[in-house]
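J.: okay, predicted coordinates and the sequence, questions at the end:
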Amino acid sequence: MTDICDTHAYWVRGSRYYREPRTLEIKAEQQRLYEQAQAVGAWEKSRRVPESERLTWYDTDFGSFVPKHITPEQLTARYNEITQNEANIMSEDIKLIRFVNSDGVELFKIPDGANIRVVYLPGDGRGIQTFPCKHLGSHHVRVNGNDYHIDEWASRMKAIGARYEPEVQLRGAEIVPISLGEEKFCTYNREDGNTCIGHISGEFGQSGNRFFSGWYNHTTRSEGDWTDTTPEFQAELQSAVYALRQDLLKNHDSMLTFCQSRPEAKLPDSDDHEHYGFKLETESRQYFIRCFAAATNHESRFIIYAYADKPAREQERTPVMEVLPGKDIDRSMFYQSNKDSLSVGYMRGDFGKGGGEFWHNWFDGGEGKNTPEFKAELQTVVELLRQDILKDLRSSQNYCYQHPEAQLLGDVHRYGFKLETESRNYFVRCTVLPNDYFYVFAYDKAAPVLEQEKPSVLKQIRDAENTPKPPRKSRALNKKKDGTEL
């Protein structure tokens, strides 16, 4: 067997240099081994495989995983084992055509049989043309009847100054921060009835300008519905990725800037890195993007979750009654009272330094009350409030000034409002002061006492008999000094 660290591989025994391959076949083999090493290395790292059992190690100079002194057969065997045994395996039925630039950086992918658009330089005479493409392998493509290695195609296009892009694109696609309650769509959702097809996991490499990604199914053949193999879905998925790569996922620096400029997209309960959630919507699907915005290139990564149908808002919208000023309401309802048996919890937030952001945190009240049904109702309530009362600082101030009767007694800077649903009451405490908090307190409505819960008459009599009676007062204490009674 040949050692993987021979001259035909990316990594050479005893030294770290890359020898230019003499044939495209050898270069394709190098690329295959490189991709396998990245997949195996990422799997070993995520599973915390002991160092003695790992087949790869991470080279900080190259910014990638490098095989140890093993054979190509050993690396391929481990790679196949991972892809076959993982619960969510990469689909082998998907045939995607990769297009790269002259530096080998991936630009986009299209499904087998799709078209690309080539834009020639002004004065070339050919203008803009569309060519059909056929998948010939991981590094070969047939464009308009001619066969190319993907690097050869990129070199030819660079030489004539032509630009190429997918024919099918999501024009005008908007990338927006996720809404409150949609955090669960930015993770591997195992809930019953979820419509997540699968996800794309990727990173930007050590340089921060590469683009490595892989597709993983959330369904199996036994379930019968492999939506990800349909050309229509793959065309839309790759169009969504291409749209994301124009801004959010262009490179590491672009992702970091995009996320930091939208603090309202920051996800709660993040680990060492800052996590942000975004979504991109089409006519029939939604794509939720989770960004791991680390300061260093090799630690940043992203995951794109594709949902077959737009995730429902937990059945129907919760009907919300009119927002009422809190003039005649107990003032204590607008302040923290987790000890109250009816308290579900409260949300605290602010509008940021500029007054146009939306930062918020949730604090549980009663144990076990933060149910999926309540989360869906709370999301509806918050979305209603964000239309005017909690839209931004200026809108909140204007709303409060328009309802002077809502001013809380003894506090000229804070106003209270009440919302009511079928099963709960929500008390909103607003502030007209900048850099101050607003609150939304949630309370269950008092449940009526059922007849079977009421104590019987006999039990009431026995309880009364067993209740200790206060000592009787002495008659001597009820007399005046002269002996007469009071």
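T.: Yes, it's here.
J.: how about the helices in the stretch 301-450 of the chain?
T.: In the stretch 301-450 of the chain, the segments counted as helices under DSSP state H, counting those that start in this stretch are 372-385, 393-401.
J.: in CSV: these, plus mean neighbour count, distance to F438 and mean pLDDT.
T.: For glycine as for every other residue, the C-beta is placed from the backbone atoms N, C-alpha and C. Below are the helices of the stretch 301-450 of the chain laid out as CSV (neighbours: other Cβ atoms under 10 Å; distance: least, Cβ to Cβ, whole Å; pLDDT from 0 to 100):
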stretch, mean neighbour count, distance to F438, mean pLDDT
helix 372-385, 19, 9, 86
helix 393-401, 18, 7, 88
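J.: ok, E174 touching T282?
T.: No: counting by Cβ atoms under 8 Å, T282 is not a contact partner of E174; they are 10.8 Å apart.
J.: among the helices of the stretch 301-450 of the chain, which is nearest Q286?
T.: Shortest distance between Q286 and the helices of the stretch 301-450 of the chain, using Cβ to Cβ, is found for helix 372-385: 15.3 Å.
J.: what angle separates the closest one from helix 393-401?
T.: 90 degrees (axes from the mean of the first three to the mean of the last three Cα atoms, to 10 degrees).
J.: which strands and helices sit next to helix 372-385?
T.: In terms of contacts (3 or more Cβ pairs under 8 Å, 6 or more residues apart in numbering; DSSP states H and E), helix 372-385 is packed against strand 343-350, strand 414-420, strand 424-431, strand 438-444.
J.: E51 is nearest to which of those strands?
T.: Closest approach to E51 among the helices and strands packed on helix 372-385 is made by strand 343-350 (44.3 Å; Cβ to Cβ).
J.: and the contacts of that closest one?
T.: The contact list for strand 343-350 (Cβ atoms under 8 Å, 6 or more residues apart in numbering) reads 336-338, 357-366, 369-370, 374, 378, 382, 390, 424, 435-444.
J.: just the C-alpha atoms of that strand, please, in CSV.
T.: The C-alpha trace of strand 343-350 is given here as CSV (Å, rounded to 0.1, in the frame of the first residue of the first chain):
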residue,chain,number,x,y,z
SER,A,343,-46.9,33.9,37.3
VAL,A,344,-45.6,32.2,34.2
GLY,A,345,-42.6,34.5,33.9
TYR,A,346,-41.5,37.7,32.4
MET,A,347,-39.6,39.2,29.5
ARG,A,348,-37.1,42.0,30.0
GLY,A,349,-35.7,44.0,27.1
ASP,A,350,-34.4,47.3,25.8
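J.: pairing partners for that strand, with directions?
T.: With DSSP bridges as the test, strand 343-350 is paired with strand 359-364 (antiparallel), strand 438-444 (antiparallel).
J.: now do the SS call for Q38.
T.: Here Q38 takes the helix state, with states given by DSSP: H, G, I helix; E, B strand; the rest coil.
J.: and the nearest residue to it once chain neighbours are set aside, how close does it get to I304?
T.: Closest residue to Q38 apart from its sequence neighbours, by Cβ to Cβ, 6 or more residues apart in numbering: F65 at 5.4 Å. Look at F65 and I304: by Cβ to Cβ, to the nearest Å, they are 22 Å apart.
J.: quick check: longest strand in this protein by residues?
T.: Counting residues, the longest strand found in the chain (DSSP state E) is strand 128-137.
J.: next, the buried residues of that strand.
T.: Using 16 or more other Cβ atoms under 10 Å as the burial criterion, the residues of strand 128-137 that qualify are C133, K134, H135, L136.
J.: taking the residues you listed, tell me the two that lie furthest apart.
T.: C133 and L136 (9.5 Å).
J.: which residues are in contact with each of these two?
T.: With Cβ under 8 Å, 6+ apart, C133 and L136 have common neighbours R142.
J.: how many residues are close by S138?
T.: Look at S138: counted by other Cβ atoms under 10 Å, it has 15 neighbours.
J.: again, but for the one 5 residues further on
T.: Using other Cβ under 10 Å, the number of residues around V143 comes to 19.
J.: coming back round to it: just checking, what packs against the longest strand of the chain?
T.: So strand 128-137, by 3+ Cβ pairs under 8 Å, 6+ apart, packs with strand 96-100, strand 115-119, strand 140-143.
J.: now do 10 Å
T.: strand 96-100, strand 106-111, strand 115-119, strand 140-143, strand 146-149, helix 150-160, strand 163-166 (3 or more Cβ pairs under 10 Å, 6 or more residues apart in numbering; DSSP states H and E).
J.: which one of those lies nearest to Y276?
T.: When the helices and strands packed on strand 128-137 are ranked by proximity to Y276 (Cβ to Cβ), strand 106-111 comes first, at 22.9 Å.
J.: what's the offset of the closest one from the middle of its chain?
T.: The chain centre lies 23 Å from the centre of strand 106-111; the measure is Cα atoms, centre = their mean, to the nearest Å.
J.: let's see it as PDB, backbone CA atoms only.
T.: C-alpha atoms of strand 106-111 as PDB (Å, rounded to 0.1, in the frame of the first residue of the first chain):
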ATOM      1  CA  GLU A 106     -15.900  27.200  -4.800                       C
ATOM      2  CA  LEU A 107     -18.300  29.700  -6.300                       C
ATOM      3  CA  PHE A 108     -21.500  27.800  -6.500                       C
ATOM      4  CA  LYS A 109     -23.200  24.400  -7.200                       C
ATOM      5  CA  ILE A 110     -26.000  23.500  -9.500                       C
ATOM      6  CA  PRO A 111     -27.900  20.200  -9.900                       C
END
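J.: quick one: list the elements packing against that strand.
T.: Against strand 106-111 (3+ Cβ pairs under 10 Å, 6+ apart) you get strand 96-100, strand 128-137, helix 150-160, strand 163-166, strand 212-217, helix 231-244.
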